[in-house]
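Enquirer: Sequence first, predicted coordinates after that:
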Amino acid sequence: MKIAIGSDHNGFELKEEIKKYLDNEKYEFIDYGCYSCDAVDYPDVAFRVAKDISENKVERGILICGTGIGVAIAACKYPGIRAALCHDTYSAERAQLSNNAQILTMGAQIIGPEVGKKVVEAYLNSFWSGGSERKVKKITEKENEFTTKSSK
């Protein structure tokens, strides 16, 4: 599984810790930035990760900002993307099992690195097998309705 990981400056330090975890666990990943604590706008990073997931260049994404809210909102603006904000292992597991979320988002100002690693572990070790398929299909249909209207 190839994973995209990215953050803004608020999430940089947690992203670096998560990268170490991914490396230790032998996951293949691509770092989409940012690359320091210098200020970066989170939508730019979130849009790049969402784009590459939608184009099947990577299978899943992990996005981190101060709260995890901004990157989740930004990523979900990209058609077909489901990003889930998770700060505990149960939510991270359910993001996949129930919602087939391609992106996990976290807030570096909310959780620390050890909890973050456990959340990532739960997310990456869970796989969607059609749970809540009816609900996910309704979300996709509504999204398609809006994107079809906007392209006319």
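Expert: Done, it's in.
Enquirer: quick one, helices of this structure?
Expert: For the chain, applying DSSP state H gives helices covering 12-24, 42-54, 69-76, 89-97, 113-124, 133-150.
Enquirer: any chance of these in TSV, with mean neighbour count too?
Expert: C-beta here means a position set from N, CA and C on the backbone, and glycine is covered the same way. Putting the helices of the chain into TSV (neighbours: other Cβ atoms under 10 Å) gives the following:
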stretch	mean neighbour count
helix 12-24	18
helix 42-54	21
helix 69-76	23
helix 89-97	19
helix 113-124	19
helix 133-150	11
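Enquirer: Can you check which of those helices gets nearest to residue 36?
Expert: With Cβ to Cβ as the measure, helix 12-24 is the member of the helices of the chain nearest residue 36 (6.7 Å).
Enquirer: quick one on the thing from earlier: comparing the helices of the chain by mean pLDDT, which bottoms out?
Expert: Mean pLDDT per stretch puts helix 133-150 lowest among the helices of the chain, at a mean of 79.
Enquirer: Identify whichever of the helices of the chain lies nearest to residue 105.
Expert: helix 69-76 (4.2 Å).
Enquirer: Which elements pack onto that closest one?
Expert: helix 42-54, strand 60-65, strand 83-85, strand 103-107 (3 or more Cβ pairs under 8 Å, 6 or more residues apart in numbering; DSSP states H and E).
Enquirer: want to throw the helices of the chain into TSV with distance to residue 6?
Expert: Listed next are the helices of the chain as TSV, based on distance: least, Cβ to Cβ, whole Å:
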stretch	distance to residue 6
helix 12-24	7
helix 42-54	4
helix 69-76	8
helix 89-97	17
helix 113-124	13
helix 133-150	22
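Enquirer: Span of stretch 55-63 from start to end?
Expert: 17 Å (Cα to Cα, to the nearest Å).
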